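1. Sequence plus the predicted model coming up.
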Amino acid sequence: MQQKQNKATDMAMEAKTPNKHNPAILHKTNIDLQYKRNTIFSLLLKIVSVIVNFIIVPITIDFVNAENYGIWLTISSIVTWISFLDFGFTNGVRNKLAEAISLQKNTLAKTYISTSYALLFCIFFILWIITLVVTPYIDWAEVLNVSNSNKQAISQAFLIVFTYFCLSYVLKIINIVLFSDQRAALSSLTDVSGQIVALLTIYILTQITKGSLQLLCYCLCIAPLIVTGLFSIFLYRGKYKKIKPSIKYIKFKYVKPLFNIGSKFFIIQIAAIIQYQMANFIIARNFGMSEVTNFNIAYKYFGVLTMAITILLLPFWSAATDAYTRQDYSWLKTKIKQYIKCVFLLTIAGIIMYACSEQLYYLWLKERIDISTSLSFWAMLYNIICVFSHPFVTLLNGIGAITIQLYASLISPLLFIITAILLAQNTSLGASSILIASIISNFYGFIIAPIQYRQVIVKHKKGIWIK
């Protein structure tokens, strides 16, 4: 009898006392540790990325002039729009691959990766052939509202940039592998390395030759491709040797479930493309290429705020998935509270950046560009709103609660286009009208997403909130 009582007491004590060797506790500890490492290293790498981007802008403008730089930005936006035609496939791959890696199903992971390379190669090779045939018949001077003397150069630049995007979409499957394995920092290292190589290449060329639009495109496109290719070879021969792609593991029967998962994200992607990637095109048509450059300088300057929160959120998507699966709502609420503190600090930083913008623009670009106070204000406000929205949207994406976001994305592009055109053609706001339209059409992020977070995580509601 006494032994039974002692045993019962021991069991009760064991239940109350955290066991450091408990698999669940060890898993949570490892997740937290990896989360913190990814956040810290991603932050450091993004700081490097910001520095590189700030340095490359004045060098690039000096290399090709402000109008050609605006053409490059506009072409990149148009091509990005087209290259998103993977129909949400990569998001489906990320979710399925993360599951396979977590369960250590190497053969299944290898199949997903091999099939992804094959399918994306087929999709973008067909798009590339079509573009190669159609591009010579497009009057780019008319489309971009520039001088006819640039017509041939723009056509060649478009083909260069489109070829780059097609190849990069295939090669950057390695980034999906890294995100699925919760190694966002390593993915950032790949991107930053490509940017650094591109910067060095442009700087060297400014010393030895005269710049041109085509040469700029080659510099900014080839360097990242080479770096990504080398990283892929290194990782597949090393850490990911067991899941490296192979022709014999290409199985197109896995395509349908991958597309089913990514279909909702695809619609959301299309909305984002229309809303954001069309901005340069609308500005070019209504205000000219120089205003495209002004818009992107202000956007890039205050975009540091959005970039900062994005860096902090890089590991959060997968970590939120894990926490929600374990019903660890307290961890999710704690993280959101931490991110809200970051939002407050970044808002203060944004106000300071706006107050000092004229002086900092001058230090950055000297007298190359003249950016209005109005454009700076709306760029600041837009990015502060994005900073506030991102933590809630990322958490909801991580737990798969995207149906409401999907419905909102069906409205937001139309709202953006109507508002942007009306403001551009009927006011004197200039490029600021695009930012105002973006703020209005982003109603899901700063209004609905926080409400949905509260319903799902705080009140544990189901139904439409969690779908």
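-> That came in fine, so what should we check first?
2. and T115, what is it in contact with?
-> Neighbouring residues of T115 by CB atoms under 8 Å, 6 or more residues apart in numbering: 249-252, 254-255, 258. (C-beta placed from N, C-alpha, C; glycine too.)
3. most neighbours, which of these?
-> Counting neighbours by other CB atoms under 10 Å, the top entry in the contacts of T115 is L258, with 24 neighbours.
4. so what pLDDT did that one get?
-> At L258, the model reports a pLDDT of 69.
5. Could you export the contacts of T115 to JSON lines, including columns for secondary structure?
-> Formatted as JSON lines, these follow (DSSP: H, G, I helix; E, B strand; the rest coil):
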{"residue": "Y249", "secondary structure": "helix"}
{"residue": "I250", "secondary structure": "coil"}
{"residue": "K251", "secondary structure": "coil"}
{"residue": "F252", "secondary structure": "helix"}
{"residue": "Y254", "secondary structure": "helix"}
{"residue": "V255", "secondary structure": "helix"}
{"residue": "L258", "secondary structure": "helix"}
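6. Show me which residues of whichever strand or helix holds I233 are buried.
-> Using DSSP states H and E, I233 sits within helix 213-237. Judged by neighbour count (16 or more other CB atoms under 10 Å), helix 213-237 contains these buried residues: 213-225, 227-228, 231-232, 235-236.
7. Give me the residues contacting that helix.
-> Residues outside helix 213-237 that contact it (CB under 8 Å, 6+ apart) are 60, 63-64, 68-69, 71-72, 75, 150, 153-154, 156-157, 160-161, 163-164, 167-168, 171-172, 174, 177-178, 189-191, 193-195, 197-198, 201-202, 205, 209, 244-245.
8. Once you drop chain neighbours, what's closest to L171?
-> Closest residue to L171 apart from its sequence neighbours, by CB to CB, 6 or more residues apart in numbering: T228 at 4.6 Å.
9. whoops, I mixed them up, S389
-> Per CB to CB, 6+ apart, closest to S389 is G445, 3.0 Å.
10. Let me know the pLDDT of that neighbour.
-> Per-residue pLDDT puts G445 at 92.
11. Please give me every residue in contact with it.
-> G445 sits in contact with 385-386, 388-390, 392-393, where contact means CB under 8 Å, 6+ apart.
12. Any chance of TSV for these, columns neighbour count, distance to I434 and pLDDT?
-> Below are the contacts of G445 laid out as TSV (neighbours: other CB atoms under 10 Å; distance: CB to CB, whole Å; pLDDT from 0 to 100):
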residue	neighbour count	distance to I434	pLDDT
I385	17	14	96
C386	22	14	95
F388	20	20	96
S389	22	18	96
H390	22	20	95
F392	23	24	96
V393	23	21	94
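13. Of the residues you listed, which is the nearest to T107?
-> Within those, proximity to T107 (CB to CB) peaks at V393, which comes in at 34.1 Å.
14. Which of the helices or strands spans that closest one?
-> Here V393 sits within helix 373-398, counting by DSSP H and E.
15. hmm, who's touching whichever helix or strand comes after that helix?
-> Next in sequence after helix 373-398, counting helices and strands by DSSP H and E, comes helix 403-426. Applying CB under 8 Å, 6+ apart, the contact partners of helix 403-426 are 264, 267-268, 270-272, 274-275, 278-279, 282, 286-287, 393, 396-397, 429, 433-434, 436-438, 440-444, 448-449, 452, 464-465, 467.
16. One more: stretch 330-347?
-> 28, 305, 308-309, 312-313, 316, 319-320, 323-324, 384, 387-388, 391-392, 395, 453, 457-458.
17. Quick check: buried residues in it?
-> Within stretch 330-347, the residues that count as buried by 16+ other CB under 10 Å are 331-332, 335-336, 339, 342-343, 346-347.
18. State the mean pLDDT of that stretch.
-> Mean per-residue pLDDT for stretch 330-347: 93.
19. ok, now stretch 161-172?
-> pLDDT averaged over stretch 161-172 gives 86.
20. start the count at 195, not 1, going forward
-> Noted, 195 is the first residue going forward, which turns the last one into stretch 355-366.
21. where's the nearest residue to A513 once chain neighbours are set aside, which helix or strand?
-> For A513, ignoring the flanking residues on the chain, the nearest one in space by CB to CB, 6+ apart is Y229 at 5.0 Å. In this structure, Y229 sits in helix 217-258 according to DSSP H and E.
22. Check the average confidence over that helix, would you?
-> Helix 217-258 shows a mean pLDDT of 74.
23. same deal with stretch 497-505?
-> For stretch 497-505, the per-residue pLDDT averages 88.
24. contacting residues for V340?
-> 261, 265, 334, 348, 483.
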